[in-house]
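Trainee: Everything below, folded, please.
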Amino acid sequence: MRNPITLTLREKEKLIDDIWAFRFVPSQPLQWTAGQYIRIELPHVGADAEGTKRWFTVSSAPYEAIIQITTRVTKSTFKKALHALPVGAEVQLLEQPHGDFIWEDTKRPVVFVAGGIGVTPFRSILRQRSHEQSPLRVTLIYGSRTKDVAFKREFDTYDKHDPTFKAHYVVGEPLDAQRLAKLVPGLNDSLVYLSGPEQMVQALASELTAAGLPPSQLKQDEFPHYTEKNY
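Mentor: Numbering: from 1, shown residues only. Got it, this is the predicted structure:
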């Protein structure tokens, strides 16, 4: 970027378990499409092999004009440094938001499949569409290791007030093609978005295409450094 952009931490909030939301104010206005991601740098002493730079999906919606990062605080030195960051501190934005895991206008039913923290792009997309008063037109299948589910209250509100939206929570059990097909009859006629740990997304994508879902009706967002034990 020609003009470096810094992000100033405005507030941080524990959502559930070890999942935290970090809300930043950019030093100049940023434009992005819901579902896109950014790369930031946070120099810190004693950085481990994963380094000082990370990719994060922006979990806030563009209309909010803030950058929210929602992540599990793990044992990595980067996550510890992020967690310890005081309000008013800055991180460096390395690139403009980008990515193609965004809303695609289609006449097909839309299915969002999230594994744990992989729900963040969906939260951004749904929040933006709700703000624009657009029908959500989504079935959300959210797999979680525990009954504590990030953004559940928000999704339940959509479920209650928008007849085009339905949320299913799968707790403590793996997501597979058979379960998805039971929850969404006619799944192979849908546009399916998969987001979550890298191995989960790749395995589920293979299962779905083997079961008849055309690859052209599948969008994937893979989160590195997460597994079935920490997603």
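
Trainee: all strands of the protein, in order?
Mentor: Using DSSP state E, the strands of the chain run over 5-16, 19-26, 37-41, 53-57, 67-72, 90-93, 110-115, 138-144, 165-171, 191-197, 218-223.

Trainee: Mind listing the strands the fifth one pairs with, and their directions?
Mentor: When sheet partners are counted by DSSP bridges, strand 67-72 sits next to strand 19-26 (antiparallel).

Trainee: Would you mind splitting the chain into its domains for me?
Mentor: If you go by automatic domain parsing, the domain ranges for the chain are 5-93, 110-223.

Trainee: Please identify the deepest-packed of the strands of the chain.
Mentor: Ranked by mean neighbour count, the strands of the chain are led by strand 110-115 with a mean of 26 (mean count of other CB atoms under 10 Å). Every residue, glycine included, has its C-beta placed from N, CA and C.

Trainee: which residues are contacting that one?
Mentor: The set of residues external to strand 110-115 that reach it, using CB atoms under 8 Å, 6 or more residues apart in numbering, is 122, 125, 137-143, 175, 180, 184, 187, 190-197, 200-201, 204, 231.

Trainee: before we move on, back to that, could you redo the strands of the chain as a markdown table and give each row mean pLDDT?
Mentor: Shown next, in a markdown table, are those (pLDDT from 0 to 100):
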| stretch | mean pLDDT |
| --- | --- |
| strand 5-16 | 96 |
| strand 19-26 | 97 |
| strand 37-41 | 96 |
| strand 53-57 | 95 |
| strand 67-72 | 96 |
| strand 90-93 | 96 |
| strand 110-115 | 97 |
| strand 138-144 | 96 |
| strand 165-171 | 97 |
| strand 191-197 | 96 |
| strand 218-223 | 94 |
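
Trainee: how far away is the residue lying closest to Gly99 once chain neighbours are set aside from His83?
Mentor: With CB to CB, 6 or more residues apart in numbering as the criterion, Gly99 has its nearest non-adjacent residue at 4.3 Å, and that residue is Gln36. For Gln36, the distance to His83 (CB to CB, to the nearest Å) stands at 24 Å.
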